[in-house]
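> Give me the fold of what follows.
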Amino acid sequence: MTRTLFALKLRLFRNGPHNERGFGLVAGLVLAALVIAGAFLAGRGVIHEGWIVVAITGWGGMWLFGPLAQPRHDPSVISREWLRGYPIRPWRLARALSWTELLGVGPLITLACLSSLVVLAAPGGPAAVAVAVAAVPAQLYLLIWAGKTVAALAGRLLQTRAGMTLAAVQTAIMLALSFAGWVPVAAWLLPRLGEGNTAVVVPTLGRLPGPVIDVLAALPTGWGYGAVAAARDGAQFGAVALALAALLAVGAGLQVGWIALTARALRRPPRRASPRRPAVSRGGPALPFSTPQVSAVVARELATWLRDPARGVELRTAWLTPLLMAAIIASTGWSWAVPLVGPAAAVFGTMAAINTYALDGTALWQLLTTPGALKADVRGRMAAWALLFGVPSVVLAVALQIATGSPVGQAAIGGAVAAAATGCAMAPLLALLMPAVGADARDRVYPGQQAGDPTGGQMTVFPVTLLAAALPGVVGGPWWATALVAAVVAAAVLGVIPGLALRLLRQRGTALLGAMAAGDAAVLRLSVRADAKM
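Numbering: from 1, shown residues only. Presented below is the predicted three-dimensional model:
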(Lines give C-alpha, C1' and ligand atoms only; values in the text may rest on other atoms or scores of the structure.)
Protein backbone atom coordinates (compact mmCIF):
# COMPACT_ATOMS: atom_id res chain seq x y z
CA MET A 1 0.00 0.00 0.00
CA THR A 2 2.86 2.39 0.79
CA ARG A 3 4.28 1.84 -2.69
CA THR A 4 0.89 2.65 -4.25
CA LEU A 5 0.54 5.85 -2.24
CA PHE A 6 4.09 6.88 -3.20
CA ALA A 7 3.21 6.37 -6.86
CA LEU A 8 0.03 8.43 -6.40
CA LYS A 9 1.95 11.29 -4.81
CA LEU A 10 4.56 11.27 -7.56
CA ARG A 11 1.79 11.49 -10.16
CA LEU A 12 0.23 14.40 -8.28
CA PHE A 13 3.60 16.16 -8.22
CA ARG A 14 4.13 15.52 -11.93
CA ASN A 15 0.65 16.50 -13.12
CA GLY A 16 -0.27 19.13 -10.55
CA PRO A 17 0.53 22.86 -10.53
CA HIS A 18 4.28 23.55 -10.46
CA ASN A 19 4.55 27.34 -10.09
CA GLU A 20 4.39 27.64 -6.31
CA ARG A 21 6.30 24.40 -5.76
CA GLY A 22 9.02 25.41 -8.22
CA PHE A 23 9.43 28.83 -6.64
CA GLY A 24 9.66 27.27 -3.18
CA LEU A 25 12.28 24.78 -4.37
CA VAL A 26 14.49 27.42 -5.99
CA ALA A 27 14.19 29.90 -3.12
CA GLY A 28 14.77 27.17 -0.53
CA LEU A 29 17.85 25.82 -2.27
CA VAL A 30 19.30 29.33 -2.52
CA LEU A 31 18.87 29.84 1.23
CA ALA A 32 20.28 26.38 1.95
CA ALA A 33 23.32 27.21 -0.22
CA LEU A 34 23.88 30.35 1.87
CA VAL A 35 23.84 28.27 5.07
CA ILE A 36 26.32 25.80 3.55
CA ALA A 37 28.57 28.67 2.44
CA GLY A 38 28.36 30.10 5.95
CA ALA A 39 29.43 26.75 7.41
CA PHE A 40 32.40 26.72 5.05
CA LEU A 41 33.38 30.23 6.15
CA ALA A 42 32.92 29.25 9.79
CA GLY A 43 35.36 26.39 9.27
CA ARG A 44 37.90 28.95 7.96
CA GLY A 45 37.31 31.25 10.92
CA VAL A 46 35.76 34.05 8.86
CA ILE A 47 32.52 34.04 10.87
CA HIS A 48 31.61 32.51 14.19
CA GLU A 49 30.11 29.03 14.12
CA GLY A 50 27.28 30.15 16.38
CA TRP A 51 25.61 31.94 13.46
CA ILE A 52 25.26 28.62 11.64
CA VAL A 53 23.55 27.23 14.74
CA VAL A 54 21.17 30.20 14.63
CA ALA A 55 20.40 29.53 10.96
CA ILE A 56 19.74 25.83 11.57
CA THR A 57 17.53 26.67 14.56
CA GLY A 58 15.56 29.17 12.49
CA TRP A 59 15.14 26.60 9.73
CA GLY A 60 13.86 24.06 12.22
CA GLY A 61 11.55 26.68 13.70
CA MET A 62 9.92 27.12 10.29
CA TRP A 63 8.96 23.43 10.39
CA LEU A 64 7.29 24.01 13.75
CA PHE A 65 5.62 27.35 13.06
CA GLY A 66 5.31 27.23 9.26
CA PRO A 67 2.08 25.16 9.35
CA LEU A 68 0.54 27.84 11.56
CA ALA A 69 1.00 30.44 8.80
CA GLN A 70 -1.70 28.74 6.69
CA PRO A 71 -3.82 26.89 9.23
CA ARG A 72 -6.84 26.71 6.91
CA HIS A 73 -5.13 24.59 4.28
CA ASP A 74 -4.37 20.87 4.43
CA PRO A 75 -0.57 20.63 3.95
CA SER A 76 -0.80 17.03 2.70
CA VAL A 77 -0.71 16.46 -1.05
CA ILE A 78 -2.85 13.32 -0.62
CA SER A 79 -5.93 14.53 1.23
CA ARG A 80 -7.48 12.36 3.93
CA GLU A 81 -10.88 13.16 2.44
CA TRP A 82 -10.02 10.98 -0.56
CA LEU A 83 -9.29 7.94 1.60
CA ARG A 84 -12.13 8.11 4.13
CA GLY A 85 -14.50 5.17 3.65
CA TYR A 86 -11.99 2.78 2.06
CA PRO A 87 -12.38 -0.82 3.32
CA ILE A 88 -8.98 -0.65 5.02
CA ARG A 89 -8.29 -0.31 8.71
CA PRO A 90 -7.66 3.39 9.46
CA TRP A 91 -4.49 2.71 11.46
CA ARG A 92 -2.96 0.68 8.62
CA LEU A 93 -3.93 3.30 6.06
CA ALA A 94 -2.54 6.14 8.20
CA ARG A 95 0.72 4.26 8.75
CA ALA A 96 1.16 3.72 5.01
CA LEU A 97 0.25 7.34 4.33
CA SER A 98 2.77 8.60 6.88
CA TRP A 99 5.78 7.50 4.82
CA THR A 100 4.59 9.54 1.84
CA GLU A 101 4.88 12.67 3.98
CA LEU A 102 8.67 12.31 3.76
CA LEU A 103 8.47 13.10 0.03
CA GLY A 104 8.22 16.77 -0.87
CA VAL A 105 9.97 20.06 -1.49
CA GLY A 106 10.29 20.92 2.20
CA PRO A 107 12.25 17.79 3.16
CA LEU A 108 14.50 18.21 0.12
CA ILE A 109 15.58 21.77 0.85
CA THR A 110 15.89 21.01 4.58
CA LEU A 111 18.19 18.10 3.73
CA ALA A 112 20.31 20.53 1.70
CA CYS A 113 20.43 22.97 4.62
CA LEU A 114 21.34 20.30 7.16
CA SER A 115 24.21 19.14 4.96
CA SER A 116 26.02 22.16 6.43
CA LEU A 117 26.59 19.90 9.46
CA VAL A 118 28.86 17.74 7.30
CA VAL A 119 30.83 20.86 6.36
CA LEU A 120 31.18 21.80 10.03
CA ALA A 121 32.32 18.27 10.88
CA ALA A 122 35.00 18.09 8.15
CA PRO A 123 37.85 19.53 10.32
CA GLY A 124 37.23 16.76 12.87
CA GLY A 125 38.21 13.93 10.53
CA PRO A 126 36.39 10.90 9.10
CA ALA A 127 34.76 9.90 12.41
CA ALA A 128 33.13 13.30 12.84
CA VAL A 129 32.00 13.29 9.22
CA ALA A 130 30.43 9.84 9.70
CA VAL A 131 28.52 11.15 12.72
CA ALA A 132 27.36 14.15 10.70
CA VAL A 133 26.19 11.88 7.87
CA ALA A 134 24.07 10.00 10.43
CA ALA A 135 22.90 13.16 12.21
CA VAL A 136 21.56 14.86 9.05
CA PRO A 137 18.78 12.32 8.24
CA ALA A 138 18.01 11.87 11.95
CA GLN A 139 17.54 15.62 12.41
CA LEU A 140 15.49 15.78 9.21
CA TYR A 141 13.28 12.93 10.46
CA LEU A 142 12.53 14.80 13.69
CA LEU A 143 11.84 18.11 11.96
CA ILE A 144 9.46 16.60 9.40
CA TRP A 145 7.34 14.89 12.00
CA ALA A 146 7.41 17.84 14.34
CA GLY A 147 5.97 19.99 11.53
CA LYS A 148 3.42 17.38 10.43
CA THR A 149 2.23 16.79 13.99
CA VAL A 150 1.86 20.53 14.65
CA ALA A 151 -0.17 20.85 11.43
CA ALA A 152 -2.39 17.90 12.39
CA LEU A 153 -2.99 19.28 15.90
CA ALA A 154 -3.78 22.73 14.47
CA GLY A 155 -6.19 21.17 11.99
CA ARG A 156 -7.90 19.27 14.78
CA LEU A 157 -8.20 22.36 16.95
CA LEU A 158 -9.55 24.41 14.06
CA GLN A 159 -12.63 22.20 13.97
CA THR A 160 -13.90 24.13 16.99
CA ARG A 161 -15.39 27.62 17.10
CA ALA A 162 -12.44 28.83 19.15
CA GLY A 163 -10.26 27.70 16.28
CA MET A 164 -11.50 30.59 14.13
CA THR A 165 -9.94 33.14 16.48
CA LEU A 166 -6.87 30.96 17.01
CA ALA A 167 -6.30 30.66 13.26
CA ALA A 168 -6.65 34.40 12.81
CA VAL A 169 -4.27 35.24 15.67
CA GLN A 170 -1.52 32.84 14.59
CA THR A 171 -1.81 33.84 10.94
CA ALA A 172 -1.75 37.53 11.86
CA ILE A 173 1.39 37.02 13.96
CA MET A 174 3.16 35.28 11.10
CA LEU A 175 2.10 37.95 8.58
CA ALA A 176 3.01 40.83 10.89
CA LEU A 177 6.46 39.36 11.45
CA SER A 178 6.86 38.76 7.72
CA PHE A 179 5.87 42.29 6.69
CA ALA A 180 7.21 44.30 9.65
CA GLY A 181 9.81 42.02 11.19
CA TRP A 182 12.54 43.77 9.19
CA VAL A 183 11.73 47.18 10.70
CA PRO A 184 13.73 46.69 13.95
CA VAL A 185 16.78 45.73 11.87
CA ALA A 186 16.28 48.68 9.51
CA ALA A 187 15.77 51.03 12.46
CA TRP A 188 19.10 49.77 13.85
CA LEU A 189 20.90 50.35 10.54
CA LEU A 190 19.21 53.73 9.77
CA PRO A 191 18.25 55.14 13.18
CA ARG A 192 17.63 58.73 11.96
CA LEU A 193 15.91 58.08 8.65
CA GLY A 194 12.75 59.82 9.87
CA GLU A 195 14.76 63.04 10.13
CA GLY A 196 16.10 62.69 6.60
CA ASN A 197 19.48 61.43 7.76
CA THR A 198 20.57 58.40 5.73
CA ALA A 199 23.72 57.65 7.72
CA VAL A 200 24.09 53.88 8.05
CA VAL A 201 25.27 52.17 11.23
CA VAL A 202 27.50 49.35 9.98
CA PRO A 203 26.82 46.15 11.96
CA THR A 204 29.51 43.64 12.80
CA LEU A 205 29.03 39.89 13.17
CA GLY A 206 30.85 39.12 16.38
CA ARG A 207 30.93 36.00 18.47
CA LEU A 208 27.72 34.73 19.97
CA PRO A 209 27.91 34.20 23.73
CA GLY A 210 28.63 30.62 24.74
CA PRO A 211 25.44 30.27 26.84
CA VAL A 212 23.33 31.26 23.82
CA ILE A 213 24.93 28.53 21.69
CA ASP A 214 24.44 26.01 24.51
CA VAL A 215 20.73 26.85 24.73
CA LEU A 216 20.28 26.53 20.95
CA ALA A 217 22.13 23.21 20.93
CA ALA A 218 19.92 21.93 23.77
CA LEU A 219 16.76 22.54 21.75
CA PRO A 220 15.47 19.62 19.62
CA THR A 221 16.37 21.62 16.52
CA GLY A 222 20.01 21.67 17.68
CA TRP A 223 20.49 18.05 18.72
CA GLY A 224 22.05 17.18 15.37
CA TYR A 225 24.55 20.02 15.72
CA GLY A 226 25.25 18.94 19.29
CA ALA A 227 26.12 15.41 18.14
CA VAL A 228 28.40 16.73 15.38
CA ALA A 229 30.15 19.21 17.70
CA ALA A 230 30.69 16.49 20.32
CA ALA A 231 32.18 14.10 17.77
CA ARG A 232 34.41 16.80 16.29
CA ASP A 233 35.68 17.85 19.71
CA GLY A 234 36.54 14.27 20.67
CA ALA A 235 33.75 13.63 23.16
CA GLN A 236 32.92 10.11 24.32
CA PHE A 237 30.82 7.90 22.09
CA GLY A 238 27.99 7.85 24.65
CA ALA A 239 27.31 11.58 24.32
CA VAL A 240 27.15 11.33 20.54
CA ALA A 241 24.98 8.20 20.56
CA LEU A 242 22.60 9.77 23.08
CA ALA A 243 21.93 12.78 20.83
CA LEU A 244 21.35 10.59 17.77
CA ALA A 245 19.10 8.23 19.72
CA ALA A 246 17.09 11.19 21.04
CA LEU A 247 16.52 12.45 17.48
CA LEU A 248 15.25 9.07 16.31
CA ALA A 249 13.16 8.38 19.42
CA VAL A 250 11.40 11.77 19.46
CA GLY A 251 10.88 11.63 15.70
CA ALA A 252 9.36 8.15 15.95
CA GLY A 253 7.09 9.30 18.77
CA LEU A 254 5.87 12.25 16.72
CA GLN A 255 5.25 9.99 13.74
CA VAL A 256 3.15 7.65 15.89
CA GLY A 257 1.22 10.65 17.16
CA TRP A 258 0.55 11.83 13.60
CA ILE A 259 -0.60 8.34 12.63
CA ALA A 260 -3.01 8.28 15.59
CA LEU A 261 -4.47 11.70 14.68
CA THR A 262 -4.83 10.71 11.03
CA ALA A 263 -6.43 7.36 11.85
CA ARG A 264 -8.92 9.13 14.10
CA ALA A 265 -9.75 11.56 11.30
CA LEU A 266 -10.26 8.66 8.88
CA ARG A 267 -12.66 6.94 11.28
CA ARG A 268 -14.71 10.08 11.84
CA PRO A 269 -17.56 10.54 9.32
CA PRO A 270 -17.72 13.91 7.57
CA ARG A 271 -19.76 16.51 9.40
CA ARG A 272 -22.76 18.12 7.78
CA ALA A 273 -23.66 21.74 8.04
CA SER A 274 -26.69 22.56 10.18
CA PRO A 275 -28.09 26.07 10.67
CA ARG A 276 -27.45 27.49 14.13
CA ARG A 277 -29.91 30.34 13.66
CA PRO A 278 -33.31 30.30 11.97
CA ALA A 279 -33.55 32.04 8.64
CA VAL A 280 -35.45 35.28 9.11
CA SER A 281 -36.48 37.51 6.26
CA ARG A 282 -35.46 41.04 7.02
CA GLY A 283 -34.50 44.05 5.01
CA GLY A 284 -31.03 45.48 4.89
CA PRO A 285 -30.01 48.75 6.48
CA ALA A 286 -31.06 51.83 4.55
CA LEU A 287 -27.79 53.05 3.09
CA PRO A 288 -27.58 56.55 1.63
CA PHE A 289 -27.31 56.84 -2.17
CA SER A 290 -28.18 53.15 -2.68
CA THR A 291 -31.17 51.14 -3.79
CA PRO A 292 -32.99 48.64 -1.54
CA GLN A 293 -31.42 45.82 -3.56
CA VAL A 294 -27.90 47.08 -2.83
CA SER A 295 -28.77 47.54 0.84
CA ALA A 296 -29.98 43.94 0.97
CA VAL A 297 -26.70 42.71 -0.52
CA VAL A 298 -24.74 44.74 2.04
CA ALA A 299 -26.74 43.20 4.88
CA ARG A 300 -26.14 39.73 3.48
CA GLU A 301 -22.41 40.35 3.07
CA LEU A 302 -21.96 41.75 6.58
CA ALA A 303 -23.76 38.73 8.06
CA THR A 304 -21.71 36.34 5.93
CA TRP A 305 -18.41 37.91 6.95
CA LEU A 306 -19.35 37.40 10.60
CA ARG A 307 -20.80 33.87 10.32
CA ASP A 308 -18.95 31.98 7.60
CA PRO A 309 -15.91 30.16 9.07
CA ALA A 310 -13.58 30.83 6.15
CA ARG A 311 -14.54 34.48 5.80
CA GLY A 312 -14.47 34.96 9.56
CA VAL A 313 -10.82 33.88 9.72
CA GLU A 314 -9.91 36.22 6.86
CA LEU A 315 -11.75 39.12 8.52
CA ARG A 316 -9.96 38.70 11.84
CA THR A 317 -6.59 38.17 10.17
CA ALA A 318 -6.96 41.24 7.98
CA TRP A 319 -7.45 43.47 11.01
CA LEU A 320 -5.14 41.83 13.54
CA THR A 321 -2.17 41.92 11.15
CA PRO A 322 -1.92 45.73 10.73
CA LEU A 323 -2.48 46.29 14.45
CA LEU A 324 0.40 43.92 15.28
CA MET A 325 2.51 45.64 12.63
CA ALA A 326 1.81 48.99 14.28
CA ALA A 327 2.92 47.57 17.63
CA ILE A 328 6.17 46.25 16.12
CA ILE A 329 6.97 49.54 14.38
CA ALA A 330 6.05 51.67 17.40
CA SER A 331 8.49 49.71 19.59
CA THR A 332 11.44 50.86 17.43
CA GLY A 333 12.99 54.20 16.59
CA TRP A 334 10.86 54.36 13.45
CA SER A 335 7.64 55.40 15.16
CA TRP A 336 7.28 58.00 12.39
CA ALA A 337 6.36 55.11 10.04
CA VAL A 338 3.36 53.95 12.09
CA PRO A 339 0.75 55.86 9.98
CA LEU A 340 1.76 53.72 6.99
CA VAL A 341 -0.12 50.90 8.68
CA GLY A 342 -3.32 52.56 7.41
CA PRO A 343 -2.62 51.76 3.73
CA ALA A 344 -1.37 48.32 4.83
CA ALA A 345 -4.77 47.64 6.41
CA ALA A 346 -6.46 48.37 3.08
CA VAL A 347 -4.03 46.04 1.30
CA PHE A 348 -4.70 43.19 3.73
CA GLY A 349 -8.43 43.81 3.50
CA THR A 350 -8.24 43.44 -0.28
CA MET A 351 -6.33 40.17 0.01
CA ALA A 352 -8.92 38.88 2.51
CA ALA A 353 -11.83 39.54 0.11
CA ILE A 354 -10.24 38.14 -3.02
CA ASN A 355 -12.28 34.90 -3.14
CA THR A 356 -15.80 35.79 -2.02
CA TYR A 357 -17.65 34.36 -5.03
CA ALA A 358 -15.95 30.98 -4.69
CA LEU A 359 -16.61 30.99 -0.93
CA ASP A 360 -20.31 31.56 -1.60
CA GLY A 361 -20.27 28.51 -3.87
CA THR A 362 -23.39 27.27 -5.63
CA ALA A 363 -25.49 29.99 -3.98
CA LEU A 364 -24.53 31.94 -7.10
CA TRP A 365 -27.57 30.42 -8.85
CA GLN A 366 -29.82 32.82 -6.96
CA LEU A 367 -28.09 35.82 -8.55
CA LEU A 368 -28.15 34.33 -12.03
CA THR A 369 -31.89 33.63 -11.89
CA THR A 370 -32.97 36.96 -10.36
CA PRO A 371 -33.42 39.81 -12.89
CA GLY A 372 -31.28 42.85 -12.09
CA ALA A 373 -29.51 41.13 -9.19
CA LEU A 374 -26.00 41.06 -10.71
CA LYS A 375 -25.46 44.82 -10.71
CA ALA A 376 -26.77 45.16 -7.16
CA ASP A 377 -24.55 42.27 -6.08
CA VAL A 378 -21.33 43.83 -7.39
CA ARG A 379 -22.14 47.22 -5.87
CA GLY A 380 -23.28 45.66 -2.58
CA ARG A 381 -20.09 43.65 -2.20
CA MET A 382 -18.07 46.81 -2.79
CA ALA A 383 -20.10 48.76 -0.23
CA ALA A 384 -19.76 45.99 2.37
CA TRP A 385 -15.99 45.87 1.78
CA ALA A 386 -15.80 49.63 2.21
CA LEU A 387 -17.63 49.41 5.54
CA LEU A 388 -15.49 46.53 6.83
CA PHE A 389 -12.05 47.51 5.52
CA GLY A 390 -11.95 50.66 3.38
CA VAL A 391 -13.30 53.38 5.67
CA PRO A 392 -11.66 51.90 8.83
CA SER A 393 -8.24 51.84 7.10
CA VAL A 394 -8.50 55.56 6.26
CA VAL A 395 -9.66 56.33 9.81
CA LEU A 396 -6.75 54.30 11.16
CA ALA A 397 -4.24 56.26 9.08
CA VAL A 398 -5.71 59.58 10.26
CA ALA A 399 -5.72 58.49 13.91
CA LEU A 400 -2.12 57.27 13.81
CA GLN A 401 -1.03 60.50 12.12
CA ILE A 402 -2.70 62.56 14.85
CA ALA A 403 -0.99 60.41 17.50
CA THR A 404 2.50 60.55 16.00
CA GLY A 405 2.67 63.76 13.96
CA SER A 406 4.72 61.85 11.37
CA PRO A 407 6.32 63.65 8.40
CA VAL A 408 4.89 60.92 6.12
CA GLY A 409 1.37 61.38 7.44
CA GLN A 410 -0.10 63.04 4.35
CA ALA A 411 1.35 60.30 2.13
CA ALA A 412 -0.06 57.65 4.47
CA ILE A 413 -3.55 59.15 4.46
CA GLY A 414 -3.52 59.64 0.68
CA GLY A 415 -2.19 56.10 0.25
CA ALA A 416 -4.95 54.73 2.47
CA VAL A 417 -7.60 56.47 0.36
CA ALA A 418 -6.10 55.21 -2.93
CA ALA A 419 -5.57 51.67 -1.61
CA ALA A 420 -9.07 51.53 -0.14
CA ALA A 421 -10.65 52.59 -3.44
CA THR A 422 -8.49 50.14 -5.40
CA GLY A 423 -9.29 47.29 -3.04
CA CYS A 424 -12.99 48.11 -3.08
CA ALA A 425 -13.05 47.89 -6.88
CA MET A 426 -10.54 45.06 -7.42
CA ALA A 427 -11.83 42.53 -4.89
CA PRO A 428 -14.99 41.53 -6.85
CA LEU A 429 -13.12 41.58 -10.17
CA LEU A 430 -10.31 39.26 -9.01
CA ALA A 431 -12.86 37.02 -7.28
CA LEU A 432 -14.36 36.44 -10.73
CA LEU A 433 -11.10 36.24 -12.65
CA MET A 434 -9.24 33.87 -10.29
CA PRO A 435 -11.75 31.91 -8.18
CA ALA A 436 -10.24 29.32 -5.83
CA VAL A 437 -12.96 26.69 -5.66
CA GLY A 438 -13.11 24.52 -2.55
CA ALA A 439 -15.78 22.97 -0.35
CA ASP A 440 -19.19 24.44 -1.04
CA ALA A 441 -20.56 26.91 1.47
CA ARG A 442 -23.35 24.56 2.54
CA ASP A 443 -20.79 21.85 3.38
CA ARG A 444 -18.20 24.09 5.06
CA VAL A 445 -18.71 23.87 8.80
CA TYR A 446 -15.40 24.78 10.44
CA PRO A 447 -12.42 27.06 9.68
CA GLY A 448 -9.89 24.30 9.01
CA GLN A 449 -11.96 22.79 6.21
CA GLN A 450 -10.65 23.20 2.67
CA ALA A 451 -12.22 26.32 1.20
CA GLY A 452 -9.91 26.85 -1.76
CA ASP A 453 -6.43 28.35 -1.87
CA PRO A 454 -6.63 32.00 -2.99
CA THR A 455 -2.86 32.53 -2.93
CA GLY A 456 -2.71 33.25 -6.67
CA GLY A 457 -5.34 35.98 -6.47
CA GLN A 458 -3.76 37.45 -3.35
CA MET A 459 -0.32 37.61 -4.94
CA THR A 460 -1.90 39.26 -8.00
CA VAL A 461 -3.82 41.95 -6.16
CA PHE A 462 -1.07 42.69 -3.62
CA PRO A 463 1.29 44.60 -5.96
CA VAL A 464 -1.63 46.38 -7.65
CA THR A 465 -3.02 47.70 -4.37
CA LEU A 466 0.45 48.46 -3.05
CA LEU A 467 1.22 50.52 -6.16
CA ALA A 468 -1.99 52.50 -5.73
CA ALA A 469 -1.08 53.14 -2.08
CA ALA A 470 2.41 54.35 -3.03
CA LEU A 471 1.35 56.76 -5.80
CA PRO A 472 0.32 59.71 -3.57
CA GLY A 473 3.60 59.48 -1.64
CA VAL A 474 5.71 59.12 -4.79
CA VAL A 475 4.20 62.25 -6.34
CA GLY A 476 4.81 64.17 -3.13
CA GLY A 477 4.52 67.93 -2.97
CA PRO A 478 2.08 69.92 -0.82
CA TRP A 479 -0.84 68.25 0.89
CA TRP A 480 -3.30 69.26 -1.79
CA ALA A 481 -1.20 67.52 -4.48
CA THR A 482 -1.20 64.30 -2.47
CA ALA A 483 -4.95 64.59 -1.92
CA LEU A 484 -5.50 65.28 -5.62
CA VAL A 485 -3.53 62.20 -6.69
CA ALA A 486 -5.42 60.02 -4.21
CA ALA A 487 -8.75 61.40 -5.46
CA VAL A 488 -7.82 60.85 -9.11
CA VAL A 489 -6.73 57.24 -8.44
CA ALA A 490 -9.90 56.55 -6.44
CA ALA A 491 -12.15 58.07 -9.11
CA ALA A 492 -10.41 56.16 -11.90
CA VAL A 493 -10.62 52.71 -10.32
CA LEU A 494 -14.14 53.17 -8.95
CA GLY A 495 -15.34 54.48 -12.29
CA VAL A 496 -13.89 51.77 -14.54
CA ILE A 497 -13.30 48.50 -12.68
CA PRO A 498 -16.85 47.84 -11.30
CA GLY A 499 -18.21 47.93 -14.86
CA LEU A 500 -15.61 45.35 -15.90
CA ALA A 501 -16.56 43.12 -12.96
CA LEU A 502 -20.27 43.34 -13.85
CA ARG A 503 -19.57 42.51 -17.49
CA LEU A 504 -17.41 39.55 -16.49
CA LEU A 505 -20.09 38.26 -14.11
CA ARG A 506 -22.68 38.37 -16.88
CA GLN A 507 -20.38 36.57 -19.31
CA ARG A 508 -18.98 33.89 -17.00
CA GLY A 509 -21.70 33.52 -14.39
CA THR A 510 -23.05 30.24 -15.74
CA ALA A 511 -19.57 28.75 -16.21
CA LEU A 512 -18.59 29.90 -12.72
CA LEU A 513 -21.66 28.20 -11.26
CA GLY A 514 -20.67 25.02 -13.10
CA ALA A 515 -17.20 25.22 -11.56
CA MET A 516 -18.74 25.62 -8.09
CA ALA A 517 -21.00 22.61 -8.62
CA ALA A 518 -18.09 20.50 -9.88
CA GLY A 519 -15.76 21.75 -7.15
CA ASP A 520 -13.05 22.40 -9.74
CA ALA A 521 -11.94 25.75 -11.18
CA ALA A 522 -10.70 23.91 -14.28
CA VAL A 523 -14.31 23.76 -15.48
CA LEU A 524 -14.34 27.56 -15.68
CA ARG A 525 -11.03 27.67 -17.55
CA LEU A 526 -12.24 25.12 -20.10
CA SER A 527 -15.44 27.09 -20.64
CA VAL A 528 -13.50 30.33 -21.15
CA ARG A 529 -11.23 28.66 -23.71
CA ALA A 530 -14.23 27.23 -25.55
CA ASP A 531 -15.86 30.66 -25.71
CA ALA A 532 -12.63 32.20 -26.99
CA LYS A 533 -12.50 29.72 -29.89
CA MET A 534 -16.07 30.46 -30.96
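> what pLDDT does Gly380 get?
Gly380 is assigned 93 on the pLDDT scale.
> Quickly find the element holding the closest residue to it other than its chain neighbours.
Nearest residue to Gly380 in three dimensions, chain neighbours excluded: Val297, at 2.4 Å (CB to CB, 6 or more residues apart in numbering). (Glycine included, C-beta is placed from N, CA and C.) For Val297, the enclosing helix or strand under DSSP states H and E is helix 292-307.
> related to what we said a few turns ago, check contacts around the residue nearest to Gly380.
Val297 sits next to Gly284, Ala376, Asp377, Arg379, Gly380, Arg381, Ala383, Ala384 when contact means CB atoms under 8 Å, 6 or more residues apart in numbering.
> How about Leu41?
Ile47.
> What are the buried residues along the strand or helix carrying it?
Following DSSP H and E, one finds Leu41 within helix 19-43. Applying a neighbour-count criterion of 16 or more other CB atoms under 10 Å, one finds Leu25, Gly28, Leu31, Ala32, Val35, Ile36, Gly38, Ala39, Phe40, Leu41, Ala42, Gly43 buried in helix 19-43.
> want to throw the residues you listed into JSON lines with pLDDT and distance to Arg207?
Output for these, formatted as JSON lines (pLDDT from 0 to 100; distance: CB to CB, whole Å):
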{"residue": "Leu25", "pLDDT": "79", "distance to Arg207": "34"}
{"residue": "Gly28", "pLDDT": "84", "distance to Arg207": "28"}
{"residue": "Leu31", "pLDDT": "89", "distance to Arg207": "23"}
{"residue": "Ala32", "pLDDT": "90", "distance to Arg207": "24"}
{"residue": "Val35", "pLDDT": "90", "distance to Arg207": "19"}
{"residue": "Ile36", "pLDDT": "91", "distance to Arg207": "21"}
{"residue": "Gly38", "pLDDT": "89", "distance to Arg207": "15"}
{"residue": "Ala39", "pLDDT": "88", "distance to Arg207": "16"}
{"residue": "Phe40", "pLDDT": "89", "distance to Arg207": "18"}
{"residue": "Leu41", "pLDDT": "87", "distance to Arg207": "14"}
{"residue": "Ala42", "pLDDT": "85", "distance to Arg207": "11"}
{"residue": "Gly43", "pLDDT": "82", "distance to Arg207": "15"}
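> can you map out the helices along the stretch 251-400 of the chain?
Counting by DSSP state H, counting those that start in this stretch, the stretch 251-400 of the chain has helices at residues 292-307, 309-330, 341-352, 356-360, 364-368, 373-385, 391-404.
> how about those helices, which one is nearest Val185?
helix 309-330 (11.4 Å; CB to CB).
> got the angle between that closest one and helix 341-352?
Between the axes of helix 309-330 and helix 341-352, defined by axes from the mean of the first three to the mean of the last three CA atoms, to 10 degrees, the angle is 160 degrees.
> quick one on the thing from earlier: nearest to Trp223, out of the helices of the stretch 251-400 of the chain?
Using CB to CB, the nearest of the helices of the stretch 251-400 of the chain to Trp223 is helix 309-330, at 31.3 Å.
> From the chain's centroid, how far away is that closest one?
Distance, stretch centre to chain centre, for helix 309-330: 12 Å (CA atoms, centre = their mean, to the nearest Å).
> now for that helix, which elements pack on it?
helix 162-180, helix 183-189, helix 292-307, helix 341-352, helix 356-360, helix 391-404 (3 or more CB pairs under 8 Å, 6 or more residues apart in numbering; DSSP states H and E).
> check which helix or strand covers the closest residue to Leu368 other than its chain neighbours.
With CB to CB, 6+ apart as the criterion, Leu368 has its nearest non-adjacent residue at 5.0 Å, and that residue is Gly509. Assigned by DSSP H and E, Gly509 falls within helix 479-518.
> give the contact list for Ala337.
For Ala337, counting by CB under 8 Å, 6+ apart, the contacting residues are Val183, Gly194, Ile329, Ser406, Val408.
> ok, now how distant is it from Leu193?
9 Å (CB to CB, to the nearest Å).
> got it, and Val53?
Distance, Val53 to Leu193, using CB to CB: 32 Å.
> more neighbours, these two?
Per other CB atoms under 10 Å, whichever of Val53 and Leu193 has more neighbours is Val53, with 25 against 17.
> Name the nearest residue to the more buried one, sequence neighbours excluded.
Nearest non-adjacent residue to Val53 (CB to CB, 6+ apart): Leu216, at 4.9 Å.
> got the contact list for the helix or strand containing the one you found?
Taking DSSP H and E as the definition, Leu216 sits inside helix 210-218. Applying CB under 8 Å, 6+ apart, the contact partners of helix 210-218 are Glu49, Gly50, Val53, Val54, Thr57, Gly222, Trp223, Tyr225, Gly226, Ala229.
> ok, then the element right after that helix?
helix 223-232.
> Helix 210-218 and that following helix, what's the angle between them?
Inter-element angle recorded for helix 223-232 and helix 210-218: 110 degrees (by the same axes, to 10 degrees).
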